[in-house]
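[1] Here is my input, please return the structure:
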Amino acid sequence: METFIVYLDDKQYALQQIVPILPAKGSKNGAANWILIGCPPRLNRHTGRWLTHAAQKKWRQEWTLEATDELLNMLRDLGNTVSVQTVQGPLLEFTKQVKAEVGIARVVDARRPKLSVNLPPVTSDQPQEKPNNWTLPGVVLAMSAVIVMASE
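    Numbers count the residues shown, from 1 in each chain. Reported below is the predicted structural model:
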């Protein structure tokens, strides 16, 4: 049975990434073991200051369940075994821990890329993009040029 470890932080983006991997209906590929790992957003310092660690952990787990429910149901309907976890700690270490538990597995990074933010790698051999520090200033410059042209 093939095992997939999927990191996700956005429900719709993860669905767009996972659906092409799934076997077509009616194919004779066996069921797979899917481990969905939610990467909830960080709480800002104002919110994190007033919540206990237990409340923060509960919120992170609820966020993960909400973000994975649609994908979880779709995978189970296809006859796969699915488990859901919430990431804890650095992603590289968490991936090593999960791989040690399940053995050989494919790791799928289905996290949505963010503008001018480099996401931490999930595995040590994952290619890391070089930071492009000119993305945001370039967008601001282009928008101001459009505004100047529109005002004239």
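
[2] Now do the host helix or strand of Ile5: which elements does it pack against?
    Per DSSP states H and E: Ile5 is located in strand 3-8. Packing partners of strand 3-8 (3 or more Cβ pairs under 8 Å, 6 or more residues apart in numbering; DSSP states H and E): helix 11-18, strand 33-38, helix 53-77, helix 91-102, strand 106-110. Placement of C-beta: from N, CA and C, glycine included.

[3] now the longest one, how far from the chain's geometric center?
    Centroid separation between helix 53-77 and its chain, computed with Cα atoms, centre = their mean, to the nearest Å, is 12 Å.

[4] for it, packing partners?
    In this structure, helix 53-77 packs against strand 3-8, helix 11-18, strand 33-38, strand 81-86, with contacts taken as 3+ Cβ pairs under 8 Å, 6+ apart.

[5] and those, which is most packed in?
    strand 33-38 (a mean of 23; mean count of other Cβ atoms under 10 Å).

[6] I'd like to know which of the helices and strands packed on helix 53-77 is closest to Thr64.
    strand 33-38 (2.9 Å; Cβ to Cβ).

[7] Can you say which of the helices and strands packed on strand 3-8 is packed in most?
    When those are compared using mean count of other Cβ under 10 Å, strand 33-38 is most buried, at a mean of 23.

[8] if we look at the helix or strand that it is followed by, which residues are touching it?
    Using DSSP H and E, the helix or strand that follows strand 33-38 in sequence is helix 45-50. Helix 45-50 is contacted from outside by Arg42, Gln56, using Cβ atoms under 8 Å, 6 or more residues apart in numbering.
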